[in-house]
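Participant: fold the following for me, if possible:
(2 chains)
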Number of protein chains: 2
Amino acid sequence: MELQLRLLRLIFFFLIILKHSSSARILTISKPDRHDYAASARWLVSQNIWGVLSTLSIDYEGTPFGNVVSFSDGLPEKGNGIPYFYLTTLDPTARNALKDQRASLAISESPIGTCKRDPMNPTCSKLTLTGKLLLLDERSEEVEVAKKALFTKHPEMMDWPKDHDFRFFKLEITNIFLINWYGGAKTITVDEYLQAKLINVASFL
Amino acid sequence: MELQLRLLRLIFFFLIILKHSSSARILTISKPDRHDYAASARWLVSQNIWGVLSTLSIDYEGTPFGNVVSFSDGLPEKGNGIPYFYLTTLDPTARNALKDQRASLAISESPIGTCKRDPMNPTCSKLTLTGKLLLLDERSEEVEVAKKALFTKHPEMMDWPKDHDFRFFKLEITNIFLINWYGGAKTITVDEYLQAKLINVASFL
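Facilitator: Below is the predicted model of the structure:
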């Protein structure tokens, strides 16, 4: 009888481990207070590793051309809110931006795993950062920030082909469009966004 | 002793069920042959439920404005390849399109769960459909196709507020940009894409 009890305990032990191992990521990530719009926007940028970067197409007569790209504003607890990109001029997005800098980056809460409703339900956050996609000067200090931000979050970038003319870009943000609850887009200035205290983000990780 | 054996069998039975329940989606979805570009593109559209729809911003002086939206081309085995949307004119994307129809829809393989590398690695497929975002006539036959496609994949849309002026739109595709392996964008005509046999898609589900 004692042995059976031990076996039963063993079953429960295994079940608990399995349950928690599969949902560990969800358990450790929760959203900032939805009333703190700047922190919510910074959290989306910090937690996501890819988004869609839109530029004005040279090839398709000025059509807005969205392209799936990886990005980084730094490691979660050290991000500065500025999205950096590692783009090749073999790809239309970089070429478009070199001709016309107007661009936007759109990201969703969906890939983070904290969204329980339809991706277009307003409680499932989404963010569009509008601005200018700028090529960083290879000799600037900021290019080192960009490189560190990108290569720590996307380590395989370090091995991407050297002859593919990959360059570091950043999105200089001019407008912020955030939906993180009912009631339409939330108003955040670029200053509020950039100055949002990282502790607001990091404390929820 | 026999009871202990039964308990051990019970443990293994539970473990097998748990293992398979958490990875069931991955096990039942695999990608089409990467050399079949049209089927690969149709598969990405068929399997994804959201993407980023880019339009030319009225508010931000023609800047390309990407917006996270839900879409559907029909249920997986019945999709027609045409992305349909349910957009409110309270949102900038619909308003932009009513002024200038030029638009694109960008989607990634990442949300499907079959991509094992960085989202920007060429083996992680991505697709941009470029074209015109058209408002569907409420009395047309196509609006019924759109409604069925959207409401079956996104059932909560049926309960979205009736006073928010939601309308059915479609992307009329003019160009297709697919990356599903090394070597740059793959060439697919719109006809090849629309005529891709559904069996090519459905057989992999």
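
Participant: next one: A:Ser113 from A:Thr152, what distance?
Facilitator: That one is not Ser; residue A:113 is Gly. Going from A:Gly113 to A:Thr152 by Cβ to Cβ, to the nearest Å gives 21 Å. Backbone N, C-alpha and C define where each C-beta goes, glycine included.

Participant: pick out the residue nearest the middle of chain A.
Facilitator: Nearest to the mean C-alpha position of chain A, by Cα atoms, centre = their mean, lies A:Asn48 at 2.8 Å.

Participant: quick check: closest non-adjacent residue to it.
Facilitator: A:Ile107 (4.7 Å; Cβ to Cβ, 6 or more residues apart in numbering or on different chains).

Participant: just checking, what packs against the helix or strand harbouring A:Ala41?
Facilitator: Using DSSP states H and E, A:Ala41 maps to helix A:37-47. Judged by 3 or more Cβ pairs under 8 Å, 6 or more residues apart in numbering or on different chains; DSSP states H and E, helix A:37-47 is in contact with strand A:126-135, strand A:166-179, helix A:190-195, helix A:198-202.

Participant: domain map for chain A?
Facilitator: A:1-30, A:31-202 (automatic domain parsing).

Participant: among those, which is nearest B:Gln195?
Facilitator: The closest of the domains of chain A to B:Gln195 is domain A:31-202. By Cβ to Cβ, the value is 22.0 Å.

Participant: let me know the average pLDDT across that closest one.
Facilitator: Averaged over domain A:31-202, pLDDT sits at 94.

Participant: quick one, helices of chain A?
Facilitator: Here chain A has its helices, by DSSP state H, at A:2-22, A:24-28, A:37-47, A:92-99, A:141-153, A:190-195, A:198-202.

Participant: buried sites along the fourth one?
Facilitator: Buried residues in helix A:92-99, defined by neighbour count with 16 or more other Cβ atoms under 10 Å in any protein chain shown: A:92-98.

Participant: with the fifth one instead?
Facilitator: Along helix A:141-153, these residues count as buried under the neighbour rule (16+ other Cβ under 10 Å): A:143, A:145-147, A:149-150, A:153.

Participant: which one of those is nearest to A:Ile176?
Facilitator: Proximity of the buried residues of helix A:141-153 to A:Ile176 (Cβ to Cβ) peaks at A:Ala149, which lies at 19.4 Å.

Participant: follow-up on the earlier one: which residues sit in contact with the residue nearest to the centre of chain A?
Facilitator: By Cβ atoms under 8 Å, 6 or more residues apart in numbering or on different chains, the residues touching A:Asn48 are A:71, A:107-108, A:111-112.

Participant: now, the most widely separated pair of these?
Facilitator: A:Phe71 and A:Ile112 (14.3 Å).

Participant: so for these two, which sits in the more crowded spot?
Facilitator: Under the criterion of other Cβ atoms under 10 Å in any protein chain shown, the comparison of A:Phe71 against A:Ile112 puts A:Phe71 first, with 27 against 20.

Participant: test my guess that that one contacts A:Pro83.
Facilitator: Yes. Taking contacts as Cβ atoms under 8 Å, A:Phe71 lies within contact range of A:Pro83: 4.5 Å.

Participant: now list whatever residues contact both of those two.
Facilitator: Joint contacts of A:Phe71 and A:Pro83 (Cβ under 8 Å, 6+ apart) are A:51, A:105.

Participant: hang on, the earlier thing: can you tell me which of the helices and strands packed on helix A:37-47 is packed in deepest?
Facilitator: Of all the helices and strands packed on helix A:37-47, strand A:126-135 carries the top mean neighbour count, a mean of 23, counting by mean count of other Cβ atoms under 10 Å in any protein chain shown.

Participant: report the angle between that one and strand A:166-179.
Facilitator: Here the directions of strand A:126-135 and strand A:166-179 differ by 150 degrees (axes from the mean of the first three to the mean of the last three Cα atoms, to 10 degrees).

Participant: is chain B within reach of strand A:126-135?
Facilitator: Yes. Using Cβ under 8 Å from any Cβ of the partner chain, strand A:126-135 reaches chain B at A:126, A:128, A:130-131.

Participant: show me what that strand is packed against.
Facilitator: Using 3+ Cβ pairs under 8 Å, 6+ apart: strand A:126-135 touches helix A:37-47, helix A:92-99, strand A:102-108, strand A:166-179, strand B:64-70.

Participant: tell me how far the nearest residue to A:Asp100 once chain neighbours are set aside lies from A:Tyr182.
Facilitator: In this structure, A:Asp100 finds its nearest non-sequential neighbour in A:Leu56, 4.8 Å apart by Cβ to Cβ, 6+ apart. Distance, A:Leu56 to A:Tyr182, using Cβ to Cβ: 32 Å.

Participant: which strand residues bridge the residue nearest to A:Asp100?
Facilitator: Using DSSP bridges, the bridge partners assigned to A:Leu56 are A:Pro64.

Participant: relative to B:Thr130, how far out is A:Asn67?
Facilitator: Distance from A:Asn67 to B:Thr130, by Cβ to Cβ: 11 Å.

Participant: give me the common contacts of these two.
Facilitator: By Cβ under 8 Å, 6+ apart, the residues touching both A:Asn67 and B:Thr130 are B:Phe177.

Participant: picking that back up, so which of A:Leu56 and A:Tyr182 has more stuff around it?
Facilitator: More neighbours surround A:Leu56 than the other of A:Leu56 and A:Tyr182, with 23 against 9 (other Cβ under 10 Å).
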